[in-house]
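> Let me see the structure of the following:
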Amino acid sequence: MTRETPRLKRDRSLWYEDGNMVIAAAPSDTKKGLLFRVHKFILAMHSPVFADMFTLPDIPAETADPEDFYDGVPLVRMYDKAQDVKDLLKYYYEPSSFVVKRYDPQNPNKIRGLMHLARKYQITPLLDRLIKHLKEDWPQTLTEWDVIEGEVKARLESQVDYGYDDHVYVDEVFPEPGTTIRLAREMDIPVVLPAVFYHLSRLKITRERTSEITDFKIIGGRTADWSALSEEDLRCLLYGRENLQEYKSIACRPLIFSCSHKECDALKTLCSAIQVLYDSKDILTGLKDFVPKDQYTQKELCVSCWLKVNNLAQNARMDIWKKLPKFFRLPRPSDDWDSDSDMSA
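Okay, here's the model as predicted:
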């Protein structure tokens, strides 16, 4: 084979005249396949699958099937998506072009194909690096959850203060849950799922990422790619929402008490705060600063009651975090998931 075909075309950015092999990546239904002229040692050095493949002696061109050669060098057919193969080759030939920004909502789509190839061809260092990127976007401890929530809040406050001239909203800066769940399921990365499902439980299904809901984004609203979720994912989400709602009565029960001091009206104050919590779709945030100290007078809530109720609220938050896998019927992320939650402040 010496020419491009209607189904294959050379990729000019990954065509090295001194390359000793040509890769023909499979065409898709809508796009041509791609031809890459590269070097065997590059692939063999990073992938044991390719290394084993290249240990076989080359068949002389004059005795081999012409279809197994391209411009006089061996032709290797890969039946993976052409763009994924290109991304893999660029990772080694043009490493500076591979940039994964933390929290980028496009990360799951950006690394998905590369992750599948890294697993298929046993490129362990690359796979580990990509898994690390995915994990860094979603917290595994309550402390990490509070950090990212604080960053979201800070960015929103900054946008309110300085305006929206750049048209970059919170929803376009922080991780997208739907595609993350799909990728985590495909690649068996359960440790990110509890936080992702909890975040998704706070969103309305009408907040579709592809919709034009600019006014909603301006006030800091978040959306999701709901189409990326499987039927099982949606079922897990419904279980989680229901379990979280039912857990509110358990979490709130210790938070309602009366004080022996005549000047402290804790019962009335706490009942009012509990009602706000019941109406919230985000119990972790609702419990985080359950009764702000500067919001009440000593007659409404004395210092002793304030300390007691906020300590109880923090314990409830840790318990909720620990139980997220159970609430959403998810695989247990790790044996030490419970102890992770103890790291929260």
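> what comes into contact with stretch 311-328?
With contact meaning Cβ atoms under 8 Å, 6 or more residues apart in numbering, stretch 311-328 is reached by 141-142, 145, 190, 193-195, 197-198, 201, 236-237, 239-240, 243-244, 247, 251, 254-255, 283-284, 287-288, 290-291, 330-333, 337-338, 341-342, 344-345. The way it works is simple: take the backbone N, C-alpha and C, and place the C-beta from them, glycine included.
> Same question for stretch 14-23.
35-40, 70-71, 73-78, 85-86, 89-90, 93.
> Report the beta-bridge partner residues of Met78.
When bridges are called by DSSP bridges, Met78 pairs up with Ala25.
> what's it in contact with, if anything?
Ile23, Ala24, Ala25, Ala26, Val85.
> and the first one, that's in a strand?
This means Ile23. Yes: counting by DSSP: H, G, I helix; E, B strand; the rest coil, one finds Ile23 located in a strand.
> tell me the centre residue of the chain?
Thr180 (3.9 Å; Cα atoms, centre = their mean).
> And it, how close does it get to His116?
15 Å (Cβ to Cβ, to the nearest Å).
> Tell me the backbone dihedrals of the closest residue to Ile205 other than its chain neighbours, please.
Closest residue in space to Ile205, ignoring its immediate chain neighbours: Trp226 at 5.9 Å, by Cβ to Cβ, 6 or more residues apart in numbering. In terms of degrees, to the nearest 10, the main-chain angles of Trp226 are phi -60, psi -30.
> Please, where are all the helices along the stretch 1-150 of the chain?
40-46, 48-54, 82-93, 107-120, 124-137, 142-162 (DSSP state H, counting those that start in this stretch).
> hang on, I meant the stretch 151-300 of the chain
Along the stretch 151-300 of the chain, counting by DSSP H, counting those that start in this stretch, helices occupy 177-187, 193-201, 214-218, 231-252, 266-279, 283-288.
> Please name whichever of those is nearest to Arg12.
helix 177-187 (30.3 Å; Cβ to Cβ).
> what's in contact with the closest one?
Outside helix 177-187, the residues within contact range by Cβ under 8 Å, 6+ apart are 107-109, 111-112, 115-116, 119, 131, 134, 137-138, 189-190, 192-193, 196-197, 199-200, 203, 209, 224-230, 233.
> Test for you: state the pLDDT assigned to Ile225.
Actually, residue 225 is Asp rather than Ile. We have a pLDDT of 95 for Asp225.
> Surely it is in contact with Arg209?
Yes: Asp225 lies in contact with Arg209 (Cβ atoms under 8 Å); the separation is 4.6 Å.
> In the protein, where is pLDDT below threshold?
Applying pLDDT under 70 to the chain flags the ranges 1-6, 29, 56-66, 159-167, 214-215, 218, 335-345.
> domain parsing for it?
1-94, 99-229, 247-323 (automatic domain parsing).
> Quick check: Glu246 vs Cys252, distance?
Glu246 sits 11 Å away from Cys252, going by Cβ to Cβ.
> So which of the two has more stuff around it?
The neighbour comparison of Glu246 against Cys252 (other Cβ atoms under 10 Å) goes to Cys252, with 23 against 10.
> What sits closest to that one if chain neighbours are left out?
Nearest-residue entry for Cys252: Ile274, 5.0 Å, with adjacent residues in sequence omitted and distances by Cβ to Cβ, 6+ apart.
> which residues touch that neighbour?
Shown in contact with Ile274 (Cβ under 8 Å, 6+ apart): Cys252, Leu255, Ile256.
> returning to that earlier point: when you filter the contacts of stretch 311-328 down to buried only, what's left?
141-142, 145, 190, 193-195, 197-198, 201, 236-237, 239-240, 243-244, 247, 251, 255, 283-284, 287-288, 290-291, 330, 333, 337, 341, 344 (16 or more other Cβ atoms under 10 Å).
> tell me how far the longest helix along the chain is from the chain's mean position?
Longest helix in the chain by number of residues (criterion: DSSP state H): helix 303-327. Centre-to-centre, helix 303-327 and its host chain are 26 Å apart (Cα atoms, centre = their mean, to the nearest Å).
> Okay, angle between that helix and helix 231-252 too, please.
In terms of direction (axes from the mean of the first three to the mean of the last three Cα atoms, to 10 degrees), helix 303-327 departs from helix 231-252 by 160 degrees.
> quick one, helix 303-327 and helix 193-201 angle?
Interaxial angle, helix 303-327 versus helix 193-201 (the same axes, to 10 degrees): 100 degrees.
> roughly how far apart are the residue nearest to the centre of the chain and Phe41?
35 Å.
> Quick one: residues contacting the residue nearest to Asp137 when sequence neighbours are not counted.
Excluding the flanking residues, the one nearest Asp137 by Cβ to Cβ, 6+ apart is Pro175, at 4.5 Å. Shown in contact with Pro175 (Cβ under 8 Å, 6+ apart): Tyr103, Asp104, Pro105, Asn107, Asp137, Trp138, Val196.
> Now flag whichever of the residues you listed is closest to Leu8.
For these, the nearest to Leu8 is Asn107 (30.1 Å; Cβ to Cβ).
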